[in-house]
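Engineer: starting from these lines, generate the structure:
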Amino acid sequence: MFTKKDIKIVIGAGGYNNNPTWIQTEETELDLLKRDDWEGKFEPNTITAILAEHVWEHLTYKKGVEAAKVCYEFLKPGGYIRCAVPDAFFRDEAYQNMVQIGGPGPADHPAASHKIVHNIHTITSMFEEAGFHVNALEYCDEDGQFHYNEWDEKAGLIYRSKRFDQRNQDGKLVFVSLIVDAVK
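Structural biologist: Down below sits the predicted model:
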């Protein structure tokens, strides 16, 4: 059972450690949908922050709401989920082919298990349905226009973002994420 004062968790770290002071987890040890996994490690209302970079697209909308409700229970009041997913409104054919439901190719490709490609409206409604208030950090609107609201990487670094993804250079966006903070 974790008892740190300021509990911060990365869900599905995937071997990356972009947030080295946070607790790094994988689905096999902390499944978003298995409340028992959470109960075995945390008390309700004790987690300060949860970071999920390219995790929620592997859940259907309905399962996404269920997972958000589990997280909500374990977050402190004012705690948040920083969630990044592929953006359905980003206007780039190669990008959309790569992030599409079912993925672009073989079954072992990471995107093969994508169940949804969120846009700013679906991700917002999903978290709001679970009780959260949503702050959009990076996203494209229906016209493909990219919007950026300043955010602090110390509150959860998202690599696949405008500032940190090395594919984005000289003001040209090649790979974006739809990034929100869902606040309890």
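Engineer: switch to C-alpha atoms for all contacts and neighbour counts from now on
Structural biologist: OK.
Engineer: who touches the top strand by length along the chain?
Structural biologist: The strand spanning the most residues in the chain, taking DSSP state E as the definition, is strand 75-85. Outside strand 75-85, the residues that touch it by C-alpha atoms under 8 Å, 6 or more residues apart in numbering are 44-57, 71, 117-118, 156, 158, 177-184.
Engineer: so which of these are in strands?
Structural biologist: 47-53, 178-183.
Engineer: could those residues go into CSV alongside neighbour count, pLDDT and distance to residue 34?
Structural biologist: Below are the ones in strands among the contacts of strand 75-85 laid out as CSV (neighbours: other C-alpha atoms under 10 Å; pLDDT from 0 to 100; distance: C-alpha to C-alpha, whole Å):
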residue, neighbour count, pLDDT, distance to residue 34
47, 27, 97, 16
48, 20, 97, 19
49, 26, 98, 18
50, 25, 98, 16
51, 26, 97, 17
52, 20, 97, 16
53, 26, 96, 19
178, 29, 98, 25
179, 28, 98, 24
180, 24, 98, 23
181, 25, 98, 22
182, 27, 98, 20
183, 21, 98, 21
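Engineer: which residues touch residue 130?
Structural biologist: 65, 66, 68, 69, 72 are the contacts of residue 130 under C-alpha under 8 Å, 6+ apart.
Engineer: from those residues, pick the one nearest residue 171.
Structural biologist: Of all the contacts of residue 130, residue 68 has the smallest distance to residue 171: 33.6 Å, by C-alpha to C-alpha.
Engineer: is it fair to say the closest one lies in a helix?
Structural biologist: Yes. Applying DSSP: H, G, I helix; E, B strand; the rest coil, one finds residue 68 inside a helix.
Engineer: distance check, it against residue 95.
Structural biologist: 26 Å (C-alpha to C-alpha, to the nearest Å).
Engineer: more neighbours: the two, which one.
Structural biologist: More crowded of residue 68 and residue 95, by other C-alpha atoms under 10 Å: residue 68, with 23 against 17.
Engineer: which strand or helix spans the nearest residue to residue 30 once chain neighbours are set aside?
Structural biologist: Excluding the flanking residues, the one nearest residue 30 by C-alpha to C-alpha, 6 or more residues apart in numbering is residue 37, at 5.5 Å. Per DSSP states H and E: residue 37 is located in helix 35-39.
Engineer: host element of residue 105?
Structural biologist: Assigned by DSSP H and E, residue 105 falls outside every helix and strand.
Engineer: nothing else from me, thank you.
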